[in-house]
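Peer 1: what's the 3D shape of this:
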Amino acid sequence: MIKDRIALDLPDYDQLLCGQYSKMPGYRTYREQGTDDWLLIATLDGNGRFGGSEDGFICGRGDLVLLRPHTTHEYSVAPTAERWDLLWVHFHPKDEWLDLLSWPPAETANVVRAAGSLSGVARLAVADPHAWKPIVDCFLKMHRLSTGTKRRAFAMNALEELILLCDDVNPKSGVMVDERVRAAMEYVSQHLDEQVSLEALAELAGLSPSRFAHLFRQEAGIAPLQYVDLKRIDRAKQLLRHTSLRINEIARELGTDPIYFSLRFKQHTGLSPRDYRMRESREGMQPERHGENSAVV
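Peer 2: Residues are numbered from 1 along each chain as shown. All right, here's what the predicted structure looks like:
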């Protein structure tokens, strides 16, 4: 049996990672602790199975499955299926996407779900072909843009469009992000130039640090201070792309020193701030390509 395993670390990609697979019987992925990002899978044809033998479900054409961070990844080609054709994307959502990702939990025959392998798994079934086609087309566009020569921001825009299309078919039975978590996120966004502690965020939410950390991870999928780190990296990317600020000026705006800033930036993106700016500058100068082969692999 083919297995795919991945280390539980910050994913080593910039913004998103997506692909298209056609898997044969015997394929299986199992990641007990999941990953630190979100994973969205769309079934184009054939059948896949999510979860274990007791609490799993079969997905087919028109099914969208969303796995929250740190959710067990357990999926495979369904036992009686000849193949499973799927599209997938790993991503870190923008803050404003979180409500859009409040999908209904995956329904199974086992009523005791919370302790099973499907805790944190959500599912949308799109029966209307007129709604399904734009979702697939947008997914393919995102994949094409993420592997092409254009700015990766185009792929992120396509991902946002994809999530909005999914929200259009969401029966809205999910829950909104907790207001205490939302307030903490807003505070972080407004104080990126300061040292933000777990204790300060917990006090803002009126909770103990341990309770707040648990609530924040439950709602946002990542730890509070990891969220602070990611927000600083996102802000740094914006400043590197759209301003001529020096690296030490950007570090100062983010409340840190240039050496530590450069180290953390490279850990997240695989590039130094200087190399990231040069890459984005080169991609911005690439002429638009018409008539590209739209096939994906």
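Peer 1: use CA for all of it now, contacts and neighbours both
Peer 2: Will do.
Peer 1: E32: neighbour count?
Peer 2: With neighbours defined by other C-alpha atoms under 10 Å, the count for E32 comes to 15.
Peer 1: run through the residues that contact it.
Peer 2: E32 sits next to T71, T72, H73, E74 when contact means C-alpha atoms under 8 Å, 6 or more residues apart in numbering.
Peer 1: one more: R180?
Peer 2: Contacts of R180 (C-alpha under 8 Å, 6+ apart): L204, A205.
Peer 1: before we move on, the earlier item: export the contacts of E32 to JSON lines and append columns for secondary structure and pLDDT.
Peer 2: JSON lines is the format used below for those (DSSP: H, G, I helix; E, B strand; the rest coil; pLDDT from 0 to 100):
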{"residue": "T71", "secondary structure": "coil", "pLDDT": "89"}
{"residue": "T72", "secondary structure": "coil", "pLDDT": "90"}
{"residue": "H73", "secondary structure": "strand", "pLDDT": "93"}
{"residue": "E74", "secondary structure": "strand", "pLDDT": "93"}
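Peer 1: among those, which two are most distant?
Peer 2: Across these, no pair lies farther apart than T71 and E74, at 9.2 Å, counting by C-alpha to C-alpha.
Peer 1: which of the two has more neighbours?
Peer 2: T71 (23 against 18).
Peer 1: what's the closest non-adjacent residue to the more buried one?
Peer 2: G34 (4.8 Å; C-alpha to C-alpha, 6 or more residues apart in numbering).
Peer 1: which ones are touching the one you found?
Peer 2: So G34 contacts L8, P69, H70, T71, T72, H73 (C-alpha under 8 Å, 6+ apart).
Peer 1: restricted to buried residues, select these in ChimeraX.
Peer 2: Under the burial definition 16 or more other C-alpha atoms under 10 Å, those of the contacts of G34 that qualify are selected in ChimeraX by:
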select :69,70,71,72,73
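Peer 1: grab the CA positions of the helix or strand where A153 lies and hand them over as PDB.
Peer 2: Element membership for A153 (DSSP states H and E) is helix 152-168. Output in PDB follows, covering the C-alpha atoms of helix 152-168 (Å, rounded to 0.1, in the frame of the first residue of the first chain):
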ATOM      1  CA  ARG A 152       1.900  34.200  -6.800                       C
ATOM      2  CA  ALA A 153      -0.600  36.800  -5.700                       C
ATOM      3  CA  PHE A 154      -2.600  35.900  -8.700                       C
ATOM      4  CA  ALA A 155      -2.900  32.400  -7.500                       C
ATOM      5  CA  MET A 156      -3.900  33.700  -4.000                       C
ATOM      6  CA  ASN A 157      -6.600  35.800  -5.700                       C
ATOM      7  CA  ALA A 158      -7.900  32.700  -7.400                       C
ATOM      8  CA  LEU A 159      -7.900  30.800  -4.100                       C
ATOM      9  CA  GLU A 160     -10.000  33.600  -2.600                       C
ATOM     10  CA  GLU A 161     -12.400  33.400  -5.500                       C
ATOM     11  CA  LEU A 162     -12.600  29.600  -5.000                       C
ATOM     12  CA  ILE A 163     -13.400  30.000  -1.300                       C
ATOM     13  CA  LEU A 164     -16.100  32.500  -2.200                       C
ATOM     14  CA  LEU A 165     -17.600  30.100  -4.700                       C
ATOM     15  CA  CYS A 166     -17.600  27.400  -2.100                       C
ATOM     16  CA  ASP A 167     -19.300  29.800   0.300                       C
ATOM     17  CA  ASP A 168     -22.100  30.300  -2.200                       C
END
